[in-house]
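Peer 1: here is a sequence together with a model predicted from it:
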Amino acid sequence: EILPKYYKLRGWDEKGYPTEEKLKELGLDKYY
């Protein structure tokens, strides 16, 4: 319901982890 929409807005996947795109945006993709 609300939680999946919130996760999507934050750039997270359905489990609440940052997506690959979000990690790249934050400059953290080289660590994960």
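Peer 2: Received it, and whenever you're ready, just let me know what you need.
Peer 1: next, find the distance separating Leu26 from Ile2.
Peer 2: Between Leu26 and Ile2 the distance is 24 Å, computed by CB to CB, to the nearest Å. Heads up, the C-betas are built off the backbone N, CA and C, glycines and all.
Peer 1: comparing the two, which residue is more hemmed in?
Peer 2: Under the criterion of other CB atoms under 10 Å, the comparison of Leu26 against Ile2 puts Leu26 first, with 11 against 6.
Peer 1: the more buried one and Glu20 touch, don't they?
Peer 2: No. With contact taken as CB atoms under 8 Å, Leu26 and Glu20 are classed as non-touching, separated by 11.0 Å.
Peer 1: give me the nearest residue to Asp29, chain neighbours excluded.
Peer 2: Among residues not flanking Asp29 along the chain, Leu23 sits closest, at 4.4 Å (CB to CB, 6 or more residues apart in numbering).
Peer 1: list the buried residues in whichever strand or helix holds the one you found.
Peer 2: Counting by DSSP states H and E, the element that carries Leu23 is helix 20-25. Judged by neighbour count using 16 or more other CB atoms under 10 Å, the buried positions of helix 20-25 are Leu23.
Peer 1: which residues are in contact with it?
Peer 2: With contacts defined as CB atoms under 8 Å, 6 or more residues apart in numbering, helix 20-25 is touched by 10-12, 29, 31-32.
Peer 1: which of those residues fall within helices?
Peer 2: Within the contacts of helix 20-25, membership in helices is found for Arg10, as judged by DSSP state H.
Peer 1: what bridges to Pro18?
Peer 2: Here Pro18 shows beta-bridge partners Trp12, assigned using DSSP bridges.
Peer 1: can you start the count at 38 instead of 1 from here on
Peer 2: All set: I'll call the first residue 38, so the last point we hit is now Pro55.
Peer 1: would you turn the contacts of helix 57-62 into TSV with neighbour count and pLDDT?
Peer 2: TSV is the format used below for the contacts of helix 57-62 (neighbours: other CB atoms under 10 Å; pLDDT from 0 to 100):
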residue	neighbour count	pLDDT
Arg47	11	97
Gly48	15	97
Trp49	16	98
Asp66	13	93
Tyr68	7	89
Tyr69	8	80
